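**Q** let me see the structure of the following:
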Amino acid sequence: MILSMSAQARFFLMTVLAGFLTAFLFDLFRVLRRLFRHPNFLTQAEDVVFWILAILGVFYIFLRENAQMRVFTFVGLFVGMALYFLTLSFYVRLVLNAVTGFLKRVVITAFKILLFPLKALFKLAARLLRLLGKLLKKPVKKSKSALQTGKRYARMGLAGFRRDINVIRKKV
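**A** Prediction:
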């Protein structure tokens, strides 16, 4: 099917817009990738997946419009991307970085607020355990010495124990 000149011009402008939108989505993707850091090989794999999806999206637009693949369609895509990257990309990334930075701070603050009661509870439990340790230190020392005395009597046998009891009775 042969397209009229006005239909071709409209389709060319649509491909320029598609290139513009693809470049904007790539900028959005770059900002999100910067927010969630990961190794370089994953970055490269993500780029490949992004561009495959972008190509499929553009071809879907071509199929929906019953358009023919011509050189001017690819020129329109590249012109749209070039226009975006040369004009708006820098400012869009500045705004997106500011927005994501703000949202990141909001989420971190929300987590701090939500986790504050748990943190306070753990601090209180730590103080109580330290206090309990100080209070039990003396009785533990006494019981330790009593256990050592019991071990000594076990080694000496019953006769040594009776002898010590008699010595204690005489003192009293």
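
**Q** helix or strand with the lowest mean pLDDT in the protein?
**A** Within the chain, no helix or strand scores below helix 158-171, which has a mean of 67 by mean pLDDT, DSSP states H and E.

**Q** distance of the one residue sitting closest to the centre of the chain from residue 53?
**A** For the chain, the residue nearest the mean C-alpha position is residue 36 (7.0 Å; CA atoms, centre = their mean). For residue 36, the distance to residue 53 equals 18 Å [CB to CB, to the nearest Å]. All C-beta atoms are positioned from the backbone trio N, CA, C, and that covers glycine.

**Q** got it, and residue 113?
**A** In terms of CB to CB, residue 113 sits 38 Å off from residue 53.

**Q** re the thing from before, could you check how far the residue nearest to the centre of the chain is from residue 97?
**A** 14 Å.

**Q** swap in residue 44?
**A** Residue 44 is 22 Å from residue 97, by CB to CB.

**Q** and if you look at residue 39?
**A** Distance, residue 39 to residue 97, by CB to CB: 21 Å.

**Q** check residue 120 too.
**A** 34 Å.

**Q** who's more crowded, those two?
**A** residue 97 (14 against 10; other CB atoms under 10 Å).

**Q** the more buried one contacts residue 31, correct?
**A** Yes - using CB atoms under 8 Å, residue 97 is in contact with residue 31, at 5.9 Å.

**Q** ok, now which ones touch residue 61?
**A** 14, 15, 18 (CB atoms under 8 Å, 6 or more residues apart in numbering).

**Q** who wins on neighbours among these?
**A** residue 15 leads the contacts of residue 61 on contacts (other CB under 10 Å) with 25 neighbours.

**Q** and that residue, what does it touch?
**A** 58, 61, 72, 73, 74, 76, 77, 80.

**Q** now a ChimeraX select for only the buried ones of these.
**A** The command below creates a ChimeraX selection of those among those that count as buried (16 or more other CB atoms under 10 Å):
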select :58,61,73,76,77,80
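
**Q** where's the dip in pLDDT among the contacts of residue 15?
**A** Among these, residue 61 carries the weakest pLDDT, at 76.

**Q** that one: which element?
**A** helix 40-64 (DSSP states H and E).

**Q** ok, then the element right after that helix?
**A** Defined by DSSP H and E, the subsequent element after helix 40-64 is helix 71-87.
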